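> below is the structure, and that's it, no one-letter string:
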């Protein structure tokens, strides 16, 4: 299990508590910024960088079609980009993440530049669009608009 840490962006202490799904956490629940600690896959802790990762958008993990071919979104994920080396990764939302910050990040996602969108597409990461708003609210609050 990971240890508590101080966020490199906002300076607040982040407590790692397994009962809310945060055994392995590298992003702050208050500002959603992360630290570049994983390299090839989540929880490998092999990154040499160790720099701040900006939350640049939201995506869904493993969108799969239902039996009628309609895409079914997976869990809500934060897209992070390292300010130093440019590595992009996605991290699952935790139960204690600030919902206001997540909603603000959703709005930021809608304004992603064409250049960044192309970079995300190369990695098969689909940033959310306006049509995903109800699903985001459903995952955060259990109800849609």
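Thanks, I have it. A quick note: this is a predicted structure, and the numbers were derived from the prediction, not measured.

> surely residue 60 meets residue 77?
Yes: counting by CB atoms under 8 Å, residue 60 does reach residue 77; the two are 6.6 Å apart. Using the backbone N, CA and C atoms, a C-beta is placed for each residue, glycine as well.

> now the longest helix anywhere in the chain, how far from the centre of its chain.
The longest helix of the chain (DSSP state H) is helix 99-109. Its chain's C-alpha centre and that of helix 99-109 lie 11 Å apart, by CA atoms, centre = their mean, to the nearest Å.

> identify the residues contacting the following helix or strand past it?
Where DSSP states H and E defines the elements, the next helix or strand beyond helix 99-109 is helix 114-122. With CB atoms under 8 Å, 6 or more residues apart in numbering as the test, helix 114-122 has contacts from 56, 57, 79, 88, 112, 126, 127.

> and the most centrally placed residue in the chain, which of the three is it?
Nearest to the mean C-alpha position of the chain, by CA atoms, centre = their mean, lies residue 78 at 1.2 Å. Secondary structure, DSSP: H, G, I helix; E, B strand; the rest coil: residue 78 is strand.
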